[in-house]
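**Q** For reference, the sequence and a predicted model appear below.
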Amino acid sequence: MSEKKQPGVWEGFKAFLMRGNVIDLAVAVVIGAAFTNIVNSVVKGIINPLVGAIGTQNLDSYSSCLKDPCTGTGDTATGIRMMWGSVLGATLSFVITAAVVYFLMVLPMSKFLARQAARQKAKEGTQEIIEVSELEVLKEIRDALLAQRGSGNSQN
């Protein structure tokens, strides 16, 4: 009896790495990490100063006291603070990231794919018209040949 040799761990790992979606995912993670720095810079350099025009420039300093007395910072803080400013900053970062990804990547790609689909559909429609017209021409040639054959038989 011959036993089927199962692929080894190394071969399975190599096949896993060579799949296209793993490579795409790795590229997306690297680009996302680099993009995070850009978004954080925009939030800290542009958004925070705009918010600072009506309040403090550091969103992390916005908080509410749930249990008095709220004094001190860090290890010496007393009371219970709800740090909603940091949540606001993270939310702004997320919204900016989502907007940039949508407007600079998703929207242009969907428009591009829609144009390609329209071109393909138009090309298929043109091909269908050409096939129909070729069929009509072939029918006319057949009819002409039959007519010639019919008129040739009557002359003999």
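**A** Cool, got the structure. Numbering: from 1, shown residues only.

**Q** In the chain, which residue is most central in space?
**A** In the chain, the centroid-proximal residue (C-alpha atoms, centre = their mean) is V106; its distance is 4.8 Å.

**Q** where's it relative to L135, distance?
**A** Note on V106: its distance to L135, by C-beta to C-beta, to the nearest Å, is 43 Å. Where C-beta positions appear, they are placed from N, C-alpha and C, glycine not excepted.

**Q** Also F16?
**A** Distance of F16 to L135, given as C-beta to C-beta: 51 Å.

**Q** residues in contact with I47?
**A** By C-beta atoms under 8 Å, 6 or more residues apart in numbering, the contact set of I47 is L92, I96.

**Q** Can you tell me what sits against the longest strand seen in the chain?
**A** Looking across the chain with DSSP state E, the single longest strand is strand 64-71. Residues from elsewhere that reach strand 64-71, judged by C-beta under 8 Å, 6+ apart: S63, A77, T78, G79, I80, R81, M82, W84.

**Q** Checking the fourth one next. Helix, strand or coil?
**A** The three-state label for G79, taken from DSSP: H, G, I helix; E, B strand; the rest coil, comes out as strand.

**Q** Grab the nearest non-local neighbour of it.
**A** Leaving aside its chain neighbours, G79 sits nearest to C70 (3.7 Å; criterion: C-beta to C-beta, 6 or more residues apart in numbering).

**Q** what does the third one give?
**A** Spatially, and ignoring its direct neighbours in sequence, T78 is nearest to T71 (5.2 Å; C-beta to C-beta, 6+ apart).
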